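Novice: sequence and predicted model, in that order:
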Amino acid sequence: MMNRLALNVFVIMGIATCSQPCFSADNERPYVAIHRQGDFGCHTFRIPGIARTKTGTLLAVYDMRYTSRRDLQAHIDIGLSRSTDGGQTWESPRPIMDMGAFGGLPQDQNGCSDPNILIDTTTGDIFVTALWTHAKPGTHQWREGGSEPGIDPAQSSQFMAVRSHDDGKTWTQPENWTSQLKNPEWFLFAPAPGNGITCSNGLLVIPTQGRDAAGTPFSNLTWSNNHGKTWTVSSPARSNTTESAVVELSDGSLMLNSRDNRNRHDKSETNGRAVSITSDLGTHWTVHNSDHSALPEPVCMGSLISHRLNNDRTVLFFSNPHHKSQRKNMTVQMSLDDGTTWNNQILLDENGGAYSSLVMVDDNTLGILYESSRADLIFQTIQLKEFGL
């Protein structure tokens, strides 16, 4: 069965796509359904991340939630689908991070969740990181008892990774990075779902998140200057923030765009994403001028990527449910001034949309994998000329 595939055995299976072209409600933009509830013996797919490899292959990662929609703790593996034709068709899902019955406990006490995918554009190596919770039935990693101070799996949720050296065809056994990265006084340290980046100087950066010694959530960065051999954890960019996305700006600084818990109650003009800037890899942070104003959110993960245009200008793309209260109005918008202003909104799903992940399919095509009202996960493309680029 799919949830018990050995991590080092991979058979190319069927194609996870519509038997006929599928179209969105406006009958204009086609989409590919990666998963509908109950497909592939899996109740729900959630928490997308997507990236393009050096060969142009698209890799989609996500939670395979076998028995329900609930977060950890539950029976969840990290799954993968590959596309070699720009997202028109996809290989069937398969787990790439499965902790099995570790410690003699059942799989519903060994769940993995919240994947982040990072392509090292220098070496071609691929990293998928995620959070593993061992034991602790009936808990949630962001609440009391779900993850606690310490390093041991019996105490704290674990920061895990798998790697691929062959374009995502095969994957290593899970590696545990917790002792290298987590301050034992913290309640939690985890990758932020979505994607990491390779900077112009070859630096690898993963957006990360946690709960500090007081249990307060924070967002920060974790980076490597030696192609993933070792990693350094930055200082927190903000408190009471969680899932973040990172991009390199035109001046080489890094922008961290974060989900902010304050927006649960703030539905005023100051509702919006928390946006921070660092020029020294997270040792020091400043607040960006778009902070809590430019990008409204209902408290949800969002995606942010950068792309260098043919005229050598840098464009940023951002996606989230563009609404202050509800996870609906899945929207993509762009910025040509390093995120100070955002415009040219393209609405993809008026009735739904939650977590999302953006990718450049090619130099002229943007792709998005997101949780939709039409299926658990769908993939769509947008031509850059639709943004006026």
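Specialist: Nice, thanks for sending it over.
Novice: C-alpha from now on. contacts and neighbour counts both.
Specialist: OK.
Novice: do a quick rundown of the helices in the chain.
Specialist: 178-181 (DSSP state H).
Novice: could you list the low-confidence segments of it?
Specialist: For the chain, applying pLDDT under 70 flags the ranges 1-27.
Novice: spatially central residue in it, please.
Specialist: Nearest to the mean C-alpha position of the chain, by CA atoms, centre = their mean, lies residue 194 at 1.2 Å.
Novice: residue contacts, the nearest residue to it once chain neighbours are set aside?
Specialist: Once flanking residues are discounted, residue 194 sits nearest to residue 49: 4.1 Å by CA to CA, 6 or more residues apart in numbering. By CA atoms under 8 Å, 6 or more residues apart in numbering, the residues touching residue 49 are 60-62, 115-117, 193-195, 356-358, 369.
Novice: from residue 178, how far out is residue 49?
Specialist: Residue 49 sits at a distance of 21 Å from residue 178 (criterion: CA to CA, to the nearest Å).
Novice: try residue 336
Specialist: Residue 336 is 38 Å from residue 178, by CA to CA.
Novice: neighbour-wise, which of the two wins?
Specialist: Neighbour tally, residue 336 and residue 178, criterion other CA atoms under 10 Å: the higher count belongs to residue 178, 23 against 15.
Novice: if we can go back for a sec, go ahead and confirm the residue nearest to the centre of the chain touches residue 127.
Specialist: No. Counting by CA atoms under 8 Å, residue 194 sits too far from residue 127 to count as a contact (12.0 Å).
Novice: where do the contact lists of these two overlap?
Specialist: residue 117.
Novice: and for the closest residue to residue 286 other than its chain neighbours, the neighbour number?
Specialist: Leaving aside its sequence neighbours, residue 286 sits nearest to residue 277 (CA to CA, 6+ apart; 5.2 Å). Residue 277 is flanked by 23 other residues according to other CA under 10 Å.
Novice: who does residue 277 form a beta bridge with?
Specialist: When assigned by DSSP bridges, residue 277 has beta-bridge partners residue 255, residue 286.
Novice: where along the stretch 151-300 of the chain do the strands fall?
Specialist: 158-164, 175-176, 188-191, 194-195, 197-198, 204-211, 217-224, 232-233, 238-239, 241-248, 254-260, 274-278, 286-287 (DSSP state E, counting those that start in this stretch).
Novice: mind listing what residue 249 touches?
Specialist: By CA under 8 Å, 6+ apart, the neighbours of residue 249 are 255, 306, 314, 338.
Novice: roughly how far apart are the nearest residue to residue 176 once chain neighbours are set aside and residue 60?
Specialist: Leaving out its chain neighbours, the residue that sits closest to residue 176 by CA to CA, 6+ apart is residue 160, at 4.7 Å. Computed as CA to CA, the residue 160 to residue 60 distance reads 18 Å.
Novice: which ones are touching the nearest residue to residue 207 once chain neighbours are set aside?
Specialist: Of all residues not flanking residue 207 in the chain, residue 221 sits nearest, at 4.7 Å (CA to CA, 6+ apart). Contact analysis of residue 221 by CA under 8 Å, 6+ apart lists 205, 206, 207, 208, 209, 233, 234, 235, 236, 281, 282.
Novice: then residue 337?
Specialist: Counted by CA under 8 Å, 6+ apart, residue 337 has contacts residue 315.
Novice: would you quantify the distance from it to residue 367?
Specialist: Distance from residue 337 to residue 367, by CA to CA: 21 Å.
Novice: ok, and the most crowded of the contacts of residue 49?
Specialist: Top of those by neighbour count (other CA under 10 Å): residue 194, with 35 neighbours.
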